[in-house]
Structures are given as structure tokens and as C-alpha cells.
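**Student:** Return a 3D structure for these sequence lines:
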Amino acid sequence: MGALDTLLDHPALWRGRSAVPAPNAPVWPSGHAELDRALGGGWPRGQLIELLGAPFGCGETRLLVPMLAACGRDGYWIAMIAPPATPWLPGWQTLGIPPERVLLIHTEHDRDTLWAGEQCLRDPAFGVLLTWLRGPVETALLRRLRLAASESRACAILYRPPNAAAQPSPAHQRLRWQPAASGLELHCLKGAGHWARSGHPLQVPEPPEA
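**Tutor:** You can find the predicted model right below:
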């Protein structure tokens, strides 16, 4: 199945459902005009997005603060599964993210992380899913998570280490992040639209500290 997975992941392969949301598809705001344009309006709901980079704790979560705040304001739950560190929720509250809307789930294995993520996506009460994987995982498990994301109205974010870029993935979009002088630098590894074709990175500043 390795060769088939590689073929299905090829950027030149036409897909019936584009990686870029349709004009009327629901999105969460990114808080950055240029990133919103690159993403097709904002962080897409109903899609699985991989964020690849290291080391964790360099702003990869703060990149999503505007989306998390909007999700909480609209009364949805935010699921965080297997984060590398427990977020400081009082600080998040000052950024507009209601702590009472954040569900923390700790797991021991990546398989458990993906299973828990799938269950959250099947609950319409969740608007954002943040999950962290430690190592390589079976493509079939990622396909299950993509399917659950596609059938939900949540934005599913999957954090993975940089070496995961060598493994084909069924995620709708794959973005690589790395620390920059004033925030993060983002590269689109997989997706549709001008950003994916151009290969140009985006510089995204961090929001103010809590």
C-alpha cells in the first residue's frame, strides 16, 4: 500500500473535494489577513490539517489563538489531546479563550490519541480539535481521522514532528512551521490554491503575550 499512498498524496492528483474550502464553506478566522487569503478565508472547518515542526512550545499553538477564541465565543468545545505541556489556561483567558470550553485529554500512545480525536470529531459540540503525535502512525488511522473531520464542522489540527513530512498523509492540508524572528514561518507542503503552487513561505507574527 505504500506506493498507492504515495500516488494518492501526489499534489498533481485531482480530487473531487478541493483542499481549499468552497467560498461558502465555514471557517474559523486566523487573525491574519494574509494567512486568511492563503487558507481560502480562514482555518477550514470540516478538514484535517497537519502542522509539522519542532520544537514544540515555540508558538505553534499561539498561532491558533484567534481561532480558539472565536470557537469559544460561539459556544463550541476545544479538544486538546496529548499536548506536550499543559497550557496555562488563565493566560489563555486573557487572550479571549474561555477555559471552561477547553477539554484536555492525556494519552499514552499515538493510536489512543487518534481514537480520542475521532470520537471528539463525531460530537457536534466540538469546534476545534488539537492533537499531537509523537511518531509515525498507520495511514489507515489517519484516513479515519480525515473522514471524521470531513463529516464534522470542526477544524482538526494534527501536530506532527518534521520527519513526518516523508510519510504520505491523507490530510487535506499539510503546513510546515518553524520559529521566526517575530513569530512563525509557514510553508504549504500540501493543499490547493496559489499558496501551495507558489512555494512561498508566510511570516505570521505572534499575538501579544498574555
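
**Student:** what sits against the residue positioned nearest the centre of the chain?
**Tutor:** Residue closest to the average C-alpha location in the chain (CA atoms, centre = their mean): residue 157, at 2.2 Å. Counting by CB atoms under 8 Å, 6 or more residues apart in numbering, residue 157 makes contact with 43, 49, 51, 64, 128, 129, 130, 131. Every C-beta, even on glycine, is put in place using the N, C-alpha and C of the backbone.

**Student:** Isn't the last one up against residue 82?
**Tutor:** To tie it back to what came earlier, the one meant is residue 131. Yes. Counting by CB atoms under 8 Å, residue 131 touches residue 82, with 6.5 Å between them.

**Student:** Spit out the residues that contact these two alike.
**Tutor:** Common neighbours of residue 131 and residue 82 (CB under 8 Å, 6+ apart) are residue 113.

**Student:** Can you name the residues that contact residue 80?
**Tutor:** 87, 102, 103, 104, 105, 130, 131.

**Student:** now do residue 178
**Tutor:** 53, 184, 185.

**Student:** Which members of the residues you listed occur in strands, if any?
**Tutor:** Using DSSP state E, the subset of the contacts of residue 178 located in strands is 184, 185.

**Student:** which of the contacts of residue 178 are buried?
**Tutor:** 53, 184 (16 or more other CB atoms under 10 Å).

**Student:** quick one: which of the contacts of residue 178 is nearest residue 76?
**Tutor:** residue 184 (24.3 Å; CB to CB).

**Student:** Surely that closest one is in contact with residue 60?
**Tutor:** Yes. Contact criterion CB under 8 Å: residue 184 and residue 60 qualify, at 6.9 Å.

**Student:** Quick check: neighbours shared by these two?
**Tutor:** residue 177.

**Student:** ok so, going back, what's opposite the residue nearest to the centre of the chain in the beta bridge?
**Tutor:** As for beta bridges, residue 157 partners with residue 49, residue 130 under DSSP bridges.
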